[in-house]
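Novice: sharing a sequence plus its predicted fold:
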Amino acid sequence: MTTTTKNKTKDVAQLKDVAQLAVNTIRTLSMDGVEAAGCGHPGTPMALAPVTYQLWTDVLRYDPVAPLWPNRDRYVLSCGHASMLIYSMLHLAGVRKTESDGTVTNQLSVTLDDLRNFRQWGSATPGHPEHGHTTGVETTTGPLGQGCGNSVGMAISSKWLGARYNKPGYELFDFKVYSQCSDGDLMEGLSSEAASLAGHLKLSNLCWIYDDNDITIEGSTKLSFSEDVAQRFEGLGWNVEKVADANDLEALSRAYRAFQSCDEGPTLIIVKSVIGFGSPNKAGTAAAHGAAIGADEVRRTKAAYGWPEDESFVVPAEVPEYFQSTMGRRGCDAREAWEAKLEKYQVEYPELAKELMQIQSEELPAGWEEGLVEFPADEKGMATRSSAGKALNGFAKHIPWLLGGSADLAPSTNTLLTFDGAGHFEAGDYGGRNMHFGIREHAMAAALNGMALCGLRPYGATFFVFSDYLRPSMRLSSIMGLPSIYVFTHDSIGVGEDGPTHQPVEQLAAARAIPGLVVIRPGDANEAAYAWRAALAETNRPTALVLTRQNIPTLDRSKCAAAEGLCRGGYILSEAEGGDPQVLLLASGSEVSLALAAQQQLADDGIRARVVSIPSFELFEDQTEEYRREVLPAAIGPRVAIEAGIRQGWDRYLGDQGAFVGMDGFGLSAPFQKIYAEFGFTAEKVSATAKRMIG
Ligand SMILES: Cc1ncc(C[n+]2csc(CCOP(=O)(O)OP(=O)(O)O)c2C)c(N)n1
Ligand SMILES: [Mg+2]
C-alpha cells in the first residue's frame, strides 16, 4: 500500500467518524428537544438524520451566513412534524438569524437554548416550522403535502428567474429545490397534483426525498397505502432513485448525484428508513412517531448510539466545524462568486439588475401604477372578470415579475396576459409569464406560495366556488404573510345556468374568515381596476379578488364618488340628497348597482338613503375609526346590506336595526336574471326592506 492510499484510507475513516458523530448529534438533539417539551415527533428526525446530513454537507448550496442569498438551494421539510430535524440542522450548520429587513445578525437562527425550548412560548422552535419566524425555514409546513406543493413553485421560480435574468457568462439563477416528504405527504392529493405538474413541466431542478418508512400514525402503511410509489412517479415523468437504507451515506450521495445529473425532469429519491432508529423498543413502530419516547428509552437509545446516556443537548465541537468546512465553505464560495458576477452584471445589464434589486426588496418598478386602466360609464357595463382582466394586463406590462395563470379556466377567468412578449411558461421554455396550472387548484395555490417565497408576484385563478379546493394553501399564504393573489370569478348565483354546484354562497364568508386575507369584491369595472392596484400594493398579505361572471353597469363616476374609494375598503358611493340619510344601503360587487337603484326608488318615495360600497371588509377595517364612523355613522341605525352570499360577517356593520338581503341556502340552475329576481335581489325588495327598517 502506498503512503497516499494509506492517508486516503485514514481520511475516509475520519470522515466516517465525524459523519457518525454528526448524525448522532442530530438524532440526540431531536430526541432531547422532544423530551424536554414532553411532546413532538422524535422518530422521524432520528431516522432521517443521515439523509439530511448527507444532503446538507455534501450537496446543498447554501451559505449559513447569508441565508437570504437569492440563488441558494431551497430546502423544504414537507413533513413538518419532524421539525426538530430542521431545527437541529439549522443549529449545527450555524445558520444566522436575519432581521425583518433582511439584515444578517451575528446570532444563530436557532440557539441551543431554542432547542431546549422546543415548542415553548418565544422560542425559535415552534411545533411545526414557520417561515418568517425562524430564519432558514423556507416555508411553513405541517399540513402534509403543502411543502411538496411549495417546492414546485420554488422550482418554477428558479427556472423563470434563470430564463429571464441569466445571460451568457452570467448564470445568476440555477438553484435547486429539495423537499423531504413522508408517507402522509405522498398520500395527500395535493402532492399528486404538484408532482403531476412538476413532471409535466420537466422541472429537473426539483428533488423530493421520500421517507419510505412504512409507518403512519395508525400503524403500518399496510392499513391504507399499497400503491407502487416508484411506478406512479415514473408515470408522472419523474426520475426515480432508490436508497435501500437511510444510513447508507454513500448510496445517498449517489442518489443525490443522480438527481443533479438528470436534466429530463424532477427526481424522487425513495429512501427506506426505520422510524425511531436506534430505539430498542420503539424503532420501526408508530409509537416513535408523535410522542416523546420517555427518559428510560432515551437513555437506552443513546447507549445504542454510543452516546453519553445521561447528558442531553450534547454538541461535539467537531460537528459544527464540519458543517462549516463543508456546506459553509462551499456555500460561501458560491455566494461570493455570485456576488462578484452580479457586480459585473450590474454594469452590463443595468436594467435587469435593477429589477433583481427590486424583487429582493419587494418593491415594484417605479410608475407601475400608471398601468391603471379607466373605464367609461356604461349602463350595460361589463363583468368584473373582464374589467379585472384588462386591469391585470394594464399593470402586468409594468411589472415583469407579475406572472400567473389559472386552473384551466383562463378564457373564463380572463387572466391571460395578452400583450406582446408575455409568453407561456412551458417545459423547456421557462421565460413566459402565462402559467398553465391545469385542473389542479390546490397545487396551483401551493405553487403560488412557493413563487411568492422566491420574490415573484404570482396570481392564480379559478371559479370562486372552487376556492374550497385550494383553501388550505390560501390559509398558508396568510399565515406566512405572502402577497399571493387569488383571482376568483363566477362569484355568486349570478353564474346562472351552471346551477348550485357552481354558485358560491358561503365562500365570501369563508374567505373573510381567514385572518389576514384581503378579500375584495369590486362593484364595477373601475373598482375592479383599483382592486388589482390594491392587491399589487400589498407586500405581506394575500388578496382574493372576487369577480362576477355576468355584466354589471360601469357606474357614472360624475354622479357618484370616485372608484379610488375602493382602496379604503368602504366608501360613500352616493350620498342621500336633501338632508341626513335615514337609512344606509351597504353592498359589495354586483349588488352595488342594485343598492343605487333602490336609493332612487326610495328617493322617489321621499326617503333619504346613502349607498355605501363595501368591496373589502379588511381594507375598511384598516381605516381609522373616525373614517369608518364617517361612512357608517353610529347615529344611523336603519341599515340594509345586500350581497349575493350568506349573511355571516355582515352583522358587524348591520347592528340591531340592520337587515340583510342575501342568500340563506344554495342557488339553482336558471338564467341569472330569473334567479336574481326569484331570490329577491330586486330594487323593490331592497327599498321595501329599507322602509321596514325605518319603521
Ligand atoms: C393534511 C394533514 N393531515 C393530517 C395531519 C396529521 N398528521 C401528522 S403526521 C401524520 C402522518 C404520519 O405519517 P407519515 O406522514 O408517514 O410520517 P412519519 O410518521 O412516517 O414521520 C398525520 C396524519 C397533518 N399534519 N396534515
Ligand atoms: Mg411514514
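Specialist: Noted; the coordinates are in hand. Ligands and ions are numbered 1, 2, ... in the order given.

Novice: give me every residue that touches the residue of the stretch 351-500 of the chain found nearest ligand 1.
Specialist: The minimum distance from the stretch 351-500 of the chain to ligand 1, using Cβ to the nearest ligand atom, falls at Pro472 (7.2 Å). For glycine as for every other residue, the C-beta is placed from the backbone atoms N, C-alpha and C. Taking Cβ atoms under 8 Å, 6 or more residues apart in numbering, we find Pro472 in contact with Pro143, Gln146, Leu190, His442.

Novice: pull out the buried residues from the residues you listed.
Specialist: Pro143, Gln146, Leu190, His442 (16 or more other Cβ atoms under 10 Å).

Novice: closest to ligand 1 out of those?
Specialist: Pro143 (4.5 Å).

Novice: in this structure that closest one contacts Leu476, no?
Specialist: Yes: between Pro143 and Leu476 a contact is recorded at 7.1 Å, counting by Cβ atoms under 8 Å.

Novice: in what helix or strand does the most centrally placed residue in the chain lie?
Specialist: The centroid of the chain falls nearest to Asn449 when counting by Cα atoms, centre = their mean (2.6 Å). Element membership of Asn449, judged by DSSP states H and E, is helix 441-453.

Novice: elements contacting that helix?
Specialist: helix 146-165, helix 189-200, strand 402-406, strand 457-463, helix 467-480, strand 485-489 (3 or more Cβ pairs under 8 Å, 6 or more residues apart in numbering; DSSP states H and E).

Novice: average pLDDT for it?
Specialist: Rounded to a whole number, the mean pLDDT of helix 441-453 is 98.

Novice: do it and ligand 1 meet?
Specialist: No: residues of helix 441-453 contacting ligand 1 under Cβ under 6 Å from any ligand atom: none, with a closest distance of 10.9 Å.

Novice: where in this protein is pLDDT low?
Specialist: Regions of the chain meeting the criterion pLDDT under 70 cover residues 1-13, 15.

Novice: get me the contact residues on it for ligand 2.
Specialist: Ser182, Asp183, Asn213, Ile215 (Cβ under 5 Å from the ion).

Novice: how much space separates Ala446 from Glu684?
Specialist: Distance from Ala446 to Glu684, counting by Cβ to Cβ, to the nearest Å: 46 Å.

Novice: the more surrounded of those two?
Specialist: Ala446 (35 against 12; other Cβ atoms under 10 Å).

Novice: residues in contact with the closest residue to that one other than its chain neighbours?
Specialist: Setting aside the residues directly before and after it, Ala446 is nearest to Gly149 in space (Cβ to Cβ, 6 or more residues apart in numbering), at 2.4 Å. With contact set as Cβ under 8 Å, 6+ apart, Gly149 has these partners: Leu190, Ser191, Glu193, Ala194, His442, Ala443, Ala445, Ala446, Ala447, Asn449, Gly450, Ser473.

Novice: what's the neighbour count on the residue in the stretch 101-250 of the chain that ligand 2 sits nearest to?
Specialist: When scored by Cβ to the ion, the stretch 101-250 of the chain has Asp183 as its residue closest to ligand 2, at 3.6 Å. Using other Cβ under 10 Å, Asp183 has 21 neighbouring residues.

Novice: could you measure it against Ala255, distance?
Specialist: Per Cβ to Cβ, Asp183 is found 19 Å from Ala255.

Novice: which residues does the closest residue to Ser158 other than its chain neighbours contact?
Specialist: Leaving aside its sequence neighbours, Ser158 sits nearest to Phe175 (Cβ to Cβ, 6+ apart; 4.8 Å). Residues near Phe175 by Cβ under 8 Å, 6+ apart: Arg61, Asn71, Arg72, Asp73, Arg74, Ser158, Asn205.

Novice: what is the neighbour count of the third one?
Specialist: The tally of other residues near Arg72 (other Cβ under 10 Å) stands at 21.

Novice: quick revisit: which of the contacts of Phe175 has the most neighbours?
Specialist: If you rank those by neighbour count (other Cβ under 10 Å), Asn205 sits at the top with 26 neighbours.

Novice: so it sits against Asp174, correct?
Specialist: Yes: here Asn205 reaches Asp174: they are 7.2 Å apart, a contact under Cβ under 8 Å.

Novice: shared neighbours, the two?
Specialist: With Cβ under 8 Å, 6+ apart as the test, Asn205 and Asp174 both reach Ser158.

Novice: residues near Ala255, how many?
Specialist: Ala255, neighbours per other Cβ under 10 Å, totals 26.

Novice: before we move on, what about Pro633?
Specialist: For Pro633, the neighbour count with other Cβ under 10 Å is 13.

Novice: cool, and the one 10 residues further on?
Specialist: The number of residues packed around Glu643, counting by other Cβ under 10 Å, is 26.

Novice: over to Leu21?
Specialist: Leu21: 17 neighbours (other Cβ under 10 Å).

Novice: so it: helix, strand or coil?
Specialist: helix (DSSP: H, G, I helix; E, B strand; the rest coil).

Novice: surely it meets Ala317?
Specialist: No: contact between Leu21 and Ala317 fails when scored by Cβ under 8 Å: they sit 10.2 Å apart.

Novice: which residues sit against the host helix or strand of Ser687?
Specialist: When secondary structure is defined by DSSP H and E, Ser687 falls within helix 683-694. Contacting residues not belonging to helix 683-694 are listed as 582-583, 585, 594-595, 597-598, 600-602, 605, 607, 609, 637-640, 642, 657-659, 661 [Cβ under 8 Å, 6+ apart].

Novice: do the same with stretch 368-376
Specialist: By Cβ under 8 Å, 6+ apart, stretch 368-376 touches 382, 387, 390-391, 393-399, 524-526, 529-530, 533, 536, 554.

Novice: just the ones of the residues you listed in helices?
Specialist: Counting by DSSP state H, the part of the contacts of stretch 368-376 found in helices is 387, 390-391, 393-396, 525-526, 529-530, 533, 536.

Novice: same list (those) but as CSV, adding neighbour count and distance to Leu48.
Specialist: Formatted as CSV, the ones in helices among the contacts of stretch 368-376 follow (neighbours: other Cβ atoms under 10 Å; distance: Cβ to Cβ, whole Å):
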residue, neighbour count, distance to Leu48
Ser387, 27, 50
Lys390, 17, 50
Ala391, 30, 47
Asn393, 19, 46
Gly394, 20, 48
Phe395, 22, 44
Ala396, 26, 42
Ala525, 28, 53
Asn526, 25, 54
Ala529, 27, 49
Tyr530, 20, 48
Arg533, 20, 45
Leu536, 24, 40
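
Novice: let me know the closest of those to ligand 2.
Specialist: Closest to ligand 2, out of all of the ones in helices among the contacts of stretch 368-376 and judged by Cβ to the ion, is Leu536, at 41.2 Å.

Novice: show the contacting residues for the closest residue to the closest one other than its chain neighbours.
Specialist: Counting by Cβ to Cβ, 6+ apart, Leu536 lies nearest to Phe395, which is 6.0 Å off, once chain neighbours are set aside. Taking Cβ under 8 Å, 6+ apart, we find Phe395 in contact with Trp368, Gly371, Leu372, Leu402, Trp532, Arg533, Leu536.

Novice: who's in contact with Glu626?
Specialist: No contacts exist for Glu626 under Cβ under 8 Å, 6+ apart.

Novice: mind checking the SS state of it?
Specialist: Applying three-state DSSP: Glu626 is helix.

Novice: can I get stretch 58-73 in PDB, CA atoms only?
Specialist: Presented in PDB, the C-alpha positions along stretch 58-73 are these (Å, rounded to 0.1, in the frame of the first residue of the first chain):
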ATOM      1  CA  ASP A  58     -22.400  17.200   0.500                       C
ATOM      2  CA  VAL A  59     -24.900  18.700  -1.800                       C
ATOM      3  CA  LEU A  60     -26.900  21.700  -0.700                       C
ATOM      4  CA  ARG A  61     -25.600  25.000  -2.000                       C
ATOM      5  CA  TYR A  62     -26.300  27.300   1.000                       C
ATOM      6  CA  ASP A  63     -24.300  29.800   2.900                       C
ATOM      7  CA  PRO A  64     -25.300  29.800   6.500                       C
ATOM      8  CA  VAL A  65     -24.100  33.400   7.000                       C
ATOM      9  CA  ALA A  66     -26.200  34.600   4.000                       C
ATOM     10  CA  PRO A  67     -29.500  32.700   4.500                       C
ATOM     11  CA  LEU A  68     -31.300  35.000   2.100                       C
ATOM     12  CA  TRP A  69     -28.900  34.800  -0.800                       C
ATOM     13  CA  PRO A  70     -31.200  34.600  -3.800                       C
ATOM     14  CA  ASN A  71     -29.500  31.800  -5.600                       C
ATOM     15  CA  ARG A  72     -29.300  29.500  -2.600                       C
ATOM     16  CA  ASP A  73     -30.700  26.000  -3.000                       C
END
